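*Asks:* Sequence and predicted structure, then a few things I'm wondering about:
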Amino acid sequence: MTPPFKVLRLGYRKGRDPRITTHLALVSRALGATDFLLAGDEDDGLFDNVASVNERFGGRMNCEHIGGGLGWLKRFSTQDAGDGEPGVTVHLTMYGEPYRSVIPRIRRDRPITLVVGGAKVPSDVFQHAHYNVAVGNQPHSEVAALALFMEAWFGEGGSERHFPDARLIIEPSARGKAVHDMDRHDDGEE
Ligand code: SAM
């Protein structure tokens, strides 16, 4: 079985970051993460949004709030990734090494946590991460960095993912919107 692929969003601020953090969660889900972990403020509404997408389009990505984040990260990378052994931690930062050259060096037989920073990333994160990885060395968007890393990690199939338990299935179309609702009789698919 493929080990868990977790995305950890640090420093979430409920009043300021919901939209971009929802986008992080949706990209994580769509490209194959098993877990989305939120450090900082709690926000059940954000998790409800993801649950609603799961209900319609399938998938089971788990969403969880984990307090400050640093303690969790330290434990994951040095002691216990859920099975009593350390996991692999990759921190997305514009100060890091190029992602395409780092990815082949990362082991794939252990749970991995991909860390995405918030407004201010504590220096401890750079120390605890096994890899500090850049998607280009320019400041841009955490959503773009996450998507490009995950596409490179999972290969082209990452963004072509389908979920077997989907209720709504989109049929690719050159024009218009073709959507099959698996619960509706007139689709003949029930
Ligand atoms: N100023 C913050 C700091 O203390 O580093 C970073 C803010 S930035 C908008 C938020 C997050 O986007 C970063 O922590 C990083 O995870 C991600 N990010 C932005 N540009 C990136 C790049 N070129 N490569 C990798 N990640 C990037």
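*Replies:* Nice, I can see it.

*Asks:* just how off-centre is stretch 55-71 within its chain?
*Replies:* 9 Å (Cα atoms, centre = their mean, to the nearest Å).

*Asks:* check whether it contacts the ligand.
*Replies:* No - interface with the ligand: stretch 55-71 contributes nothing (Cβ under 6 Å from any ligand atom), its closest point being 12.3 Å away. C-beta here means a position set from N, CA and C on the backbone, and glycine is covered the same way.

*Asks:* And that stretch, what's buried?
*Replies:* Of all the residues in stretch 55-71, those buried under the rule 16 or more other Cβ atoms under 10 Å are Phe57, Gly58, Gly59, Met61, Cys63, His65, Ile66, Gly69.

*Asks:* The closest residue to the fifth one other than its chain neighbours - how many residues pack around it?
*Replies:* Counting by Cβ to Cβ, 6 or more residues apart in numbering, Cys63 lies nearest to Phe47, which is 4.3 Å off, once chain neighbours are set aside. For Phe47, the count of nearby residues is 18 (other Cβ atoms under 10 Å).

*Asks:* Kindly report the same for Leu114.
*Replies:* Leu114: 24 neighbours (other Cβ under 10 Å).

*Asks:* Give the helix, strand or coil label for it.
*Replies:* What DSSP: H, G, I helix; E, B strand; the rest coil gives for Leu114 is strand.

*Asks:* Can you give me the distance of it to Gly15?
*Replies:* Using Cβ to Cβ, to the nearest Å, Leu114 is found at 25 Å from Gly15.

*Asks:* Where do the strands of the protein begin and end?
*Replies:* 5-12, 35-40, 62-65, 88-98, 112-116, 131-134, 168-171, 178-181 (DSSP state E).

*Asks:* from the buried residues of stretch 55-71, which is closest to the ligand?
*Replies:* For these, the residue nearest the ligand by Cβ to the nearest ligand atom is Gly69; the value is 12.3 Å.

*Asks:* Let me know whether that closest one touches Lys6 as I believe.
*Replies:* No - Gly69 is not in contact with Lys6 according to Cβ atoms under 8 Å; the separation is 11.9 Å.
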